[in-house]
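In: I would like the atomic coordinates for the input below:
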Amino acid sequence: MTTASQTAQPARPLPDQTPDDHSPREERWSPRLWGTLVVLCAALFLDALDVSMVGVALPSIGSDLGLSTNALQWVVSGYVLGYGGLLLLGGRAADLLGRRRVFLVALGVFAAASLLGGVVDDGGLLIAARFLKGVAAAFTAPAGLSIITTTFAQGPARNRALSIYTTCGASGFSLGLVLSGLLTAVGWRWTFLMPVPIALLALVAAVRLLPRPTTATQRVTGGYDIAGAVTGTAALLLLVFTVTEAQSAGWASLRTLGSLLVVALLAAAFLRIESRSAAPLVRLGIFRNGGVTRANLAALALVGSYAGFQFIATLYLQRLLGWSALDMAFGFLPAGALIALSATKMGAVVDRFGTARLLPVGVLALLIGFGLFLRLDEHSTFLGLVLPSMLFIGVGFSLAFPSINIEATNGVADEEQGLASGLVNTAIQVGTALVLAVVTAVITAGSHGGQSPHEQLAGYRPALLLVVGVALLGLLVGVAGAVVDSRRRRAERAESPVPDYTYPSAPSAQPVKPAQAAQPARAGSSRG
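Out: So this is what the prediction gives:
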């Protein structure tokens, strides 16, 4: 019987050959393969949904459970701490213990934690449930992404799968804003309970559909890097905790500075351990792949800047303009709609133009969207301010986010796909935590704690400029990748002025037509 992973493997071209226009991207996927992708998309959708839904419900949670503002912050921060702090460990666990096994266990824990969060009557238990959900997501996210990258062959098939996968995550985040407004009107507990049946259905389907390890997809064997896991996880947990608490403790406080010093020491110890370990948690040589390094830097800047922008926009629309939570959710909907509508088309776009070209274009669109929002004032309207920004942001995410995930895993061996997936997800979470913390500090400093429209705008504008600056750094990373890719293409053309269109390993094979072979490489990965 043919496994899903075997079905997904199209005939691969030789290293120096270019796929013709009738290569794997036109291959029909089996129902089982589609089912596998749907299950993985459902898990990512739930992760993204959970992040966005809880934010709108916070006021209701605080009043119902009697939580202070600082305690209420940890309903969000607890999830970020578990998620961001354990992603590297989750990615490596998927490689070592088996991606299917890790995904199934973590998805079950996610469902249980969701149920717990919906029934508790104690703030401490709610925060604990949120932390547990974050830990579960830290294992499902890299395991799910690495299942895709080891099931679908690198090239058009993987590009299409990853485009659908990443846009499902972005759509979940946007839809979560709308759902939270509706569900909170009924009761905040429904924002926790609603994902439970979806997670259970996805778990049942995953047991039946996810490919089991074969000789080609079996998990990595070898020792465990306990010292690396302890120091690396501790460094990430403490970093996320420190930047989350810096606003209340003070950025220049002894507590914050001392924590950052400990983070630096743990990080230095982690790097030293990894450079000497026979079976490292993070093989440092993976960063010699320039595409992987640039993708992680771009992910940090892209998602970090958007998280900061969304925080500013939410405060501005609700506090200054008086929008309701549901109004605000529908105001963000155009961006989510564009991302969702592009899901099935982005694979072909990536094949046509390549990730190295699409990434800077996408970040530029995002940058324009942020820049347009700088026109905010006391009387801004949806059509005049919000809609233009949302349209550019939707286009930017549609182009840049799939490109980042494709680039972050291209050229990486199957046995390290979990590591590569964990790295890019860690960059996303760390970027979100860092930029949000700094944006919050800038808003507070600019407004001096005042609540008048003038004072609020005095905090929002410099915070928006910070967001634009972070996005600009992402654009520079994307442009650098495009330059490297362009040089590589020119070098390849110079070295092979008269390409050989035959398959040397199969003398009887028919030659490929020059019109087909002359197409540029469609996978678009820049291998700096």
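In: correct me, but Phe139 touches Phe103?
Out: Yes: if you go by Cβ atoms under 8 Å, Phe139 and Phe103 touch, sitting 7.5 Å apart. (C-beta placed from N, C-alpha, C; glycine too.)
In: Now list whatever residues contact both of those two.
Out: Ala94 (Cβ atoms under 8 Å, 6 or more residues apart in numbering).
In: just checking, what's the longest helix in this protein?
Out: If you go by DSSP state H, the chain has its longest helix at helix 453-495.
In: and it, what other elements does it pack with?
Out: When contacts are defined as 3 or more Cβ pairs under 8 Å, 6 or more residues apart in numbering; DSSP states H and E, helix 453-495 packs onto helix 290-315, helix 355-372, helix 417-447.
In: And for Gly459, the neighbour number?
Out: 23 (other Cβ atoms under 10 Å).
In: That one and Trp29, how far apart?
Out: 50 Å (Cβ to Cβ, to the nearest Å).
In: One more: Leu266?
Out: Taken as Cβ to Cβ, the span from Leu266 to Trp29 is 44 Å.
In: Looking at those two, which is more packed in?
Out: Legend: neighbour count by other Cβ under 10 Å for Leu266 and Trp29, higher for Leu266 (20 against 17).
In: got the buried residues for the host helix or strand of the more buried one?
Out: According to DSSP states H and E, Leu266 maps onto helix 254-276. Within helix 254-276, the residues scored as buried using 16 or more other Cβ atoms under 10 Å are 256, 259-260, 263, 266-267, 269-271, 273-274.
In: Using CSV, please lay out those residues together with pLDDT.
Out: Shown next, in CSV, are those (pLDDT from 0 to 100):
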residue, pLDDT
Thr256, 90
Ser259, 92
Leu260, 92
Val263, 92
Leu266, 93
Ala267, 91
Ala269, 93
Phe270, 89
Leu271, 90
Ile273, 90
Glu274, 86
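In: Nearest to Ser380 among those?
Out: Thr256 (34.9 Å; Cβ to Cβ).
In: tell me the contacts of that closest one?
Out: 242, 245-246, 249-250.
In: can you put the residues you listed in TSV and add distance to Thr426?
Out: Below are the contacts of Thr256 laid out as TSV (distance: Cβ to Cβ, whole Å):
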residue	distance to Thr426
Thr242	16
Glu245	20
Ala246	19
Ala249	24
Gly250	26
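In: Whichever of the residues you listed end up buried, select them in PyMOL.
Out: Only the buried members of those enter the following PyMOL selection, criterion being 16+ other Cβ under 10 Å:
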select buried, resi 242+245+246
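In: Can you list which of the contacts of Thr256 are found in helices?
Out: 242, 245-246, 249.
In: Using CSV, please lay out those together with distance to Met346 and pLDDT.
Out: Below are the ones in helices among the contacts of Thr256 laid out as CSV (distance: Cβ to Cβ, whole Å; pLDDT from 0 to 100):
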residue, distance to Met346, pLDDT
Thr242, 36, 84
Glu245, 38, 77
Ala246, 37, 77
Ala249, 42, 79
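In: quick one: low-confidence parts of this protein?
Out: Across the chain, the ranges flagged by pLDDT under 70 are 1-27, 69-70, 73, 214-224, 343, 449, 496-528.
In: Mind listing residues that contact stretch 234-245?
Out: 73, 77, 80-81, 84-88, 255-256, 259-260, 262-263, 266-267, 270, 426, 429-430, 433-434, 437.
In: Which stretches in the stretch 51-200 of the chain count as helices?
Out: 69-97, 99-119, 123-151, 156-186, 190-193, 195-209 (DSSP state H, counting those that start in this stretch).
In: Val105 is in contact with Val207, correct?
Out: No: counting by Cβ under 8 Å, Val105 is not a contact partner of Val207; they are 11.4 Å apart.
In: if you count what's nearby, which of the two comes out ahead?
Out: Val105 (17 against 12).
In: The more buried one: what's it in contact with?
Out: Here Val105 is in contact with Phe139 (Cβ under 8 Å, 6+ apart).
In: Roughly how far does it sit from Phe131?
Out: 17 Å.
In: got it, and Leu193?
Out: 18 Å.
In: Same question for Ile286.
Out: 29 Å.
In: for Phe397, what are its contacts?
Out: 170, 306, 335, 338-339, 362, 366 are the contacts of Phe397 under Cβ under 8 Å, 6+ apart.
In: Also Val102?
Out: Taking Cβ under 8 Å, 6+ apart, one finds 90, 93-94, 139, 143 in contact with Val102.
In: and if we set it to 7 Å?
Out: 93-94, 139, 143 (Cβ atoms under 7 Å, 6 or more residues apart in numbering).
In: Adding distance to Pro280 and neighbour count, write these out as JSON lines.
Out: JSON lines is the format used below for the contacts of Val102 (distance: Cβ to Cβ, whole Å; neighbours: other Cβ atoms under 10 Å):
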{"residue": "Ala93", "distance to Pro280": "14", "neighbour count": "26"}
{"residue": "Ala94", "distance to Pro280": "15", "neighbour count": "32"}
{"residue": "Phe139", "distance to Pro280": "19", "neighbour count": "27"}
{"residue": "Ala143", "distance to Pro280": "19", "neighbour count": "32"}
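In: out of those, who's nearest Glu378?
Out: Phe139 (45.9 Å).
In: Surely that closest one touches Gly91?
Out: No: contact criterion Cβ atoms under 7 Å: Phe139 and Gly91 do not qualify, at 8.5 Å.
In: For Arg357, see how far away the closest residue to Leu125 other than its chain neighbours is.
Out: With Cβ to Cβ, 6 or more residues apart in numbering as the criterion, Leu125 has its nearest non-adjacent residue at 7.3 Å, and that residue is Leu116. From Leu116 across to Arg357, the span is 46 Å (Cβ to Cβ).
In: try Asp414
Out: 27 Å.
In: residues contacting Gln456?
Out: Shown in contact with Gln456 (Cβ under 7 Å, 6+ apart): 319-320, 447.
In: Sorry, wrong one. I was asking about Phe287.
Out: Thr293.
In: same question, the one 5 residues further on
Out: If you count contacts by Cβ under 7 Å, 6+ apart, Val292 has them with 286, 408, 412, 420.
In: could those residues be laid out in a markdown table, adding secondary structure, neighbour count and distance to Pro280?
Out: Below are those laid out as a markdown table (DSSP: H, G, I helix; E, B strand; the rest coil; neighbours: other Cβ atoms under 10 Å; distance: Cβ to Cβ, whole Å):
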| residue | secondary structure | neighbour count | distance to Pro280 |
| --- | --- | --- | --- |
| Ile286 | helix | 18 | 10 |
| Ala408 | helix | 28 | 19 |
| Val412 | coil | 21 | 15 |
| Ala420 | helix | 27 | 14 |
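In: surely Gly62 meets Leu72?
Out: Yes: the criterion here is Cβ under 7 Å, and Gly62 meets it with Leu72 at 4.6 Å.
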